[in-house]
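In: kindly generate the corresponding structure for this input.
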Amino acid sequence: MKARSGTLKELNARLLPVSTDAPKASARLQEKLGTDFIYLSDPQLELIEHLPIETSAHHPMARTYPKKRFLQPGVVIWDKDGKTLFEWYIKPKMTNLFGAARRMTPDEILKKAREFV
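Out: Below is the predicted model:
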């Protein structure tokens, strides 16, 4: 997404990654990727409970998280007034490797965002 940050600015859009990883892990990822997005860490799943995105407790790594579950990939697009324009998320199943397979690509996310400009 770093390479597409100019396109986000052209669309007057912002990316807000949310993760159940600890703040230090999110900061390391942000540094590694070299992005200027604000990364939100939500290990206690307080914010996630208000979003239409699944969490997973069935993956073996889930037990390493504070609430014994973690966030699945998802995308939510809101307008400036907070109205939900689009939502997509993975429902974890064996057939999608418990959420690891078939995520939206950055280009797919941008294409969807352009529909609302």
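In: who are the contact partners of residue 117?
Out: Residue 117 is in contact with 11, 12, counting by CB atoms under 8 Å, 6 or more residues apart in numbering. For the C-beta atoms, the positions are set from N, CA and C on the backbone; glycine is no exception.
In: per-residue pLDDT, it?
Out: Residue 117 carries a pLDDT score of 79 in this model.
In: how about residue 24?
Out: pLDDT at residue 24 comes out at 91.
In: can I assume it sits in a strand?
Out: No: assessed with DSSP: H, G, I helix; E, B strand; the rest coil, residue 24 is helix; it does not lie in a strand.
In: so who does the closest residue in space to residue 78 that isn't next to it in sequence touch?
Out: Excluding the flanking residues, the one nearest residue 78 by CB to CB, 6 or more residues apart in numbering is residue 84, at 5.8 Å. Residue 84 is in contact with 52, 76, 77, 78, counting by CB under 8 Å, 6+ apart.
In: against residue 36, how distant is the first one?
Out: When distance is defined by CB to CB, to the nearest Å, residue 52 is 26 Å away from residue 36.
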